[in-house]
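1. Fold the following for me, if possible:
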Amino acid sequence: MTKAKKTTRLYEAPKVIPLDRPMTTRSPLSQRQAQAMDRIAGHDPLALLEQYGSPLVIFDGKQLKKSYEGFVGAFKQHYEKMHVAYSVKTNYLSSLVAFLYQQGAKMEVVSGFEYAVCRRLGIPGEDITFNGPWKKNAELIGAFENGSQVNLDNHDELLRVERLAKDIPGKKRIGIRVNMDVSYPPWDKFGFNLASGDAMAMAKRILANPEFELAGLHMHVGTYIPNPDQYRKGASALVELALRLRDKFGVAPGSIDMGGGYASSNTLRGQMLQGTATSPTPEMYADCVTEPLIRAKEKEGYEPELILEPGRALVDDCGDIITTVVSVKPLRGGGRAAIIDAGVNILPTAYWYDHEITPIATEPRPTERVKLFGPLCMQIDVVRPKVTLPSPRPGDVYAIRKVGAYNFSQSMQFIYSRPNYVMALDDEVHVIRREETVADALALESVPDSLMPKGS
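-> Modelled structure (predicted):
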């Protein structure tokens, strides 16, 4: 037996190559000028504040349309048989839901409340997918009667649906949510596990029930997913499960639903690079999601409907908050803080995003690093721990960018009530949710007579 010849790798010392230019050409902080905005959604932001008050949340219909068309277009280039089911929990303001439905989106909900929002707008049940780990019996009955697909999440839900189905005429469209190890930590709270055989067993049980149609397989790998290859793994696993069902039972689910989790271009708190540089584009997600589906179509003749449930990738970029500086004060450790009239009660994503803050109609002024607080009487009301802005003064106006996702859905009346929400459509601005009043906040309360102050 001839010995393999041993190759010797010579060590090569690293080389230090001097740059022929400075490391940075940026001027000192005090000499920089921030680019001020003078238009938001095509309108004068100062005029909007004059009319609707500060703070003000504004949505741009043109940007929302652009985001939707860009997302759908990226996938249709690869796989024509697809549609978007907008994740309503991301922002359930009725005008945004109606706008996206008008563009061609269907809807995905995770509660009876969100389902009611869609139905109130006249959206047909067959255009609504009902997900989520907890659905009340009355909500399940209503969804089936309206022709919606219901994606089952757990064994207990399946048992309830089996009992309810006997009293509801017609076939009930059922999907099953599948969880698998494609991310760390895995999202194992939801659905039936693939590796354990649980998902296969549930599919078999649904197929054996004459009340049901196994309409689809569903998964959701996580939230703000920076690695699109996780979707490739997930799509491959769902397609493989569908083909196994076809081989064993002669029936393959008609849809593969890849869920949501697609990142926006926002910058995560503590991230060194901007989100515009690190977040995958819709095209990158599309490449990964559609590859297993294209392969299944070409090699296996299996061409399911592809369903996607984007939320933040559609609505994040279309929202802005216009806010005003109410005071400026020195900080104990040096530097200064500016307090604005928009806090984390209407901007909860400030806890995990470094939102872009842009000055509005500010005259040229030296810049400095500022800590930006909201107006709430709590130390953790921090909009930006550190941001470079023109030296702040009371009355300055800023735009907080890309706030369309989750901020309304997770907002709360806390210390201050929620402000006006408006939407720019073409050349007009519409109030889509008026400013809350004290009467709104207290409308659901009642006080026993024995607790009322005397003489009230």
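
2. packing partners for the host helix or strand of residue 235?
-> For residue 235, the element it lies in under DSSP states H and E is helix 229-249. Taking 3 or more C-beta pairs under 8 Å, 6 or more residues apart in numbering; DSSP states H and E as contact, the helices and strands that helix 229-249 lies on are strand 172-179, helix 198-208, strand 212-218, strand 255-257, helix 282-300. All C-beta spots, glycine's among them, are computed from the backbone N, C-alpha and C.

3. any chance of those in TSV, plus mean neighbour count?
-> Listed next are these as TSV, based on neighbours: other C-beta atoms under 10 Å:
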stretch	mean neighbour count
strand 172-179	24
helix 198-208	18
strand 212-218	23
strand 255-257	26
helix 282-300	18
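
4. How about residues contacting the helix holding residue 235?
-> Identification of contacts with helix 229-249 by C-beta atoms under 8 Å, 6 or more residues apart in numbering yields 178, 180, 182-183, 194, 199-200, 203-204, 207, 214, 217, 219, 221-222, 225, 251-253, 256, 258, 285, 288-293, 295-296, 300, 302, 304.

5. Give me the domain ranges for the chain.
-> According to automatic domain parsing, the chain is divided into the following domains: 29-58+317-436, 61-316.

6. Would you state the helices of the stretch 301-450 of the chain in chain order?
-> 312-315, 438-442 (DSSP state H, counting those that start in this stretch).

7. quick one: contacts for residue 274?
-> For residue 274, the contact set (C-beta under 8 Å, 6+ apart) comprises 265, 267.

8. switch to 10 Å and redo it
-> By C-beta atoms under 10 Å, 6 or more residues apart in numbering, the residues touching residue 274 are 265-267, 354, 356.

9. who's residue 370 bridged to?
-> Beta-bridge pairing of residue 370, defined through DSSP bridges, involves residue 336, residue 387.

10. sorry, back to before: the helices of the stretch 301-450 of the chain into a markdown table, with extra columns for distance to residue 244, mean neighbour count and mean pLDDT?
-> What follows is these, written out as a markdown table (distance: least, C-beta to C-beta, whole Å; neighbours: other C-beta atoms under 10 Å; pLDDT from 0 to 100):
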| stretch | distance to residue 244 | mean neighbour count | mean pLDDT |
| --- | --- | --- | --- |
| helix 312-315 | 31 | 28 | 98 |
| helix 438-442 | 53 | 10 | 95 |
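
11. Out of these, which is closest to residue 37?
-> Closest approach to residue 37 among those is made by helix 312-315 (20.3 Å; C-beta to C-beta).

12. can you give me the offset of the closest one from its chain's centre?
-> On the basis of C-alpha atoms, centre = their mean, to the nearest Å, helix 312-315 is displaced by 5 Å from the centre of the chain it belongs to.

13. what separates the nearest residue to residue 397 once chain neighbours are set aside from residue 374, distance-wise?
-> Nearest residue to residue 397, sequence neighbours excluded (C-beta to C-beta, 6 or more residues apart in numbering): residue 360, at 4.3 Å. Taken as C-beta to C-beta, to the nearest Å, the spacing of residue 360 relative to residue 374 amounts to 18 Å.

14. out of the two, which sits in the busier spot?
-> For residue 360 against residue 374, the residue with the higher neighbour count under other C-beta atoms under 10 Å is residue 374, and the figures read 24 against 20.
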